[in-house]
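Asks: sequence unavailable; structure follows:
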């Protein structure tokens, strides 16, 4: 009997443009991961913040996965998501980018704050 085990890959926090956050990433295979983040708008500048995950797929184009924006000084949101690649592509790593943007989702500036490698890759 085979049992699939999840590999806890990372837990911590970060700061970047417009905000910060923290949480965990777990990989369940070489093609799937899940994350649980809390993201906070830490600036009182009228902009919003959000996290963008870049799914790193070797020999294929990377895929961005977006959180809904969090708007308002010291406002926070929880982002729990599972993601799997398709078509037999692999997931080498996840890049966490913290972004600052207008509430209409324009003028977005993002900065990579953490890259987490898949131990099952």
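Replies: Happy to help now that I have it. Quick caveat, the model's predicted, so the values are computed rather than measured. Residues are numbered from 1 along each chain as shown.
Asks: show me the beta-bridge partners of the residue positioned nearest the centre of the chain.
Replies: Most central in the chain under CA atoms, centre = their mean is residue 53, positioned 3.4 Å from the mean C-alpha point. Per DSSP bridges, the residues bridged to residue 53 are residue 65, residue 96.
Asks: neighbours of residue 56, just the number please.
Replies: If you count neighbours by other CB atoms under 10 Å, residue 56 ends up with 19. Using the backbone N, CA and C atoms, a C-beta is placed for each residue, glycine as well.
Asks: ok, back up a step: the residue nearest to the centre of the chain reaches residue 94, doesn't it?
Replies: Yes. Residue 53 is within contact range of residue 94, at 5.5 Å (criterion: CB atoms under 8 Å).
Asks: residue 108 contacts residue 97, doesn't it?
Replies: No. In this structure residue 108 lies outside contact range of residue 97 using CB under 8 Å: 9.9 Å.
Asks: now do the shared contacts for residue 53 and residue 94.
Replies: residue 35 (CB atoms under 8 Å, 6 or more residues apart in numbering).
Asks: list the contacts for the residue nearest to the centre of the chain?
Replies: Contacts for residue 53 (CB under 8 Å, 6+ apart) come out as 35, 64, 65, 66, 67, 81, 83, 94, 95, 96, 97.
Asks: quick check, nearest of these to residue 46?
Replies: Nearest to residue 46 among the contacts of residue 53: residue 67, at 19.2 Å, using CB to CB.
Asks: with that, I have no additional questions.
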